[in-house]
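J.: for reference, the sequence and a predicted model appear below.
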Amino acid sequence: MISFGIHRFMFYRGRRLYGLVIEAISRPGVLADVTRIIADRGLDITYCSTKIVKAEERGMILLFLDFTESDAEPDELVECLRSLEFIERVEVIRPTFEGFIADMVTFPLTINSSRAVIMDENILRGLFLGFRERLGSGGEAMLYHLGLEAGRNRAEYVDRMAVKIGIEGLRERIEIVSGVFRSLGYGIMELLDLREEPPYVNIRLHSSIECELGRGAGRPFSQFLRGAIAGFTSVLFDRDMFALEKRCIAQGDPYCEFEVTPR
């Protein structure tokens, strides 16, 4: 598997870091022209992210740059970029401290058109483990119901978008949910079995973030993601579904596996 980093901030000791937020007309070659100007000044691009939009509309580019080994200055680079006909705005992100930079220009963070926050492993450990330690079985029940509502809401959105692109089959809609599930970092979903009547789904989940944090528990550990699976299948089948975790990496299995049946 290949991991992909989303860098909204960066620690880089001893380096002279700056960022740029560039707003430009979206057309082929824009990113290439921007990165060429940066490369000509001997600058290292430590992170680059773009916002995809329709052609001829505005697009965004976020860059973190390392100026340590270059004589170039951020303000001079900005003026050069602003001279390009397709560039509408360039704003500098200046380091808070030497060796630390964060995107202090753009806000809020969005996924598609919905506002989002990023919760990394350090925060999720507090959610998935701390909840259990402090509230016991009550905390596990709360995690399940949080996941259930999250799964429902996610599936309702995905379902609407699937219909817009002409996807209506149950298997295909589950595959789209699986793609969203993986792209957001929850785990890699594998559909083993699907029956429409009576409703039944058998799902294998590889590298579950929740159960990886619970390794060594000696029992099935998934509550939030088990609830999410029940939630999204409830929407797709249009009836209340229940997910049972039959195998789990937290109890030494090579993957997690869920059977989903009507409640």
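T.: Arrived safely, thanks for sending. Note that the coordinates shown come from a computational prediction; the quantities given were computed from them, not determined experimentally.
J.: ok, for the residue nearest in space to the middle of the chain, nearest residue in space, not its chain neighbours?
T.: Compute the mean C-alpha point of the chain, and by Cα atoms, centre = their mean the closest residue is Leu184, 3.3 Å away. Leaving aside its chain neighbours, Leu184 sits nearest to Ile111 (7.8 Å; criterion: Cβ to Cβ, 6 or more residues apart in numbering). Every residue, glycine included, has its C-beta placed from N, CA and C.
J.: just Arg125 next, same as before
T.: Leu213 (5.5 Å).
J.: so Asp159, which state does it fall into?
T.: helix (DSSP: H, G, I helix; E, B strand; the rest coil).
J.: checking my notes, Thr106 in a helix, right?
T.: No: counting by three-state DSSP, Thr106 is not found in a helix; it is coil.
J.: that one - how many residues pack around it?
T.: 16 (other Cβ atoms under 10 Å).
J.: let's have the chain start at 38 instead
T.: In the new count, where the first residue is 38, that last one comes out as Thr143.
J.: quick check: it touching Leu99?
T.: Yes: in this structure, Thr143 is within contact of Leu99 by Cβ atoms under 8 Å, at 6.8 Å.
J.: need the overlap of contacts for these two.
T.: Val58 (Cβ atoms under 8 Å, 6 or more residues apart in numbering).
J.: what about the residue sitting furthest away from the middle of the chain, which helix or strand?
T.: Within the chain, Asp108 marks the point farthest from the mean C-alpha position, 35.9 Å out by Cα atoms, centre = their mean. Following DSSP states H and E, one finds Asp108 outside all helices and strands.
J.: distance-wise, check it relative to Cys85.
T.: 22 Å (Cβ to Cβ, to the nearest Å).
J.: my guess is Leu250 meets Leu164, correct?
T.: No: using Cβ under 8 Å, Leu250 is not in contact with Leu164, being 9.1 Å away.
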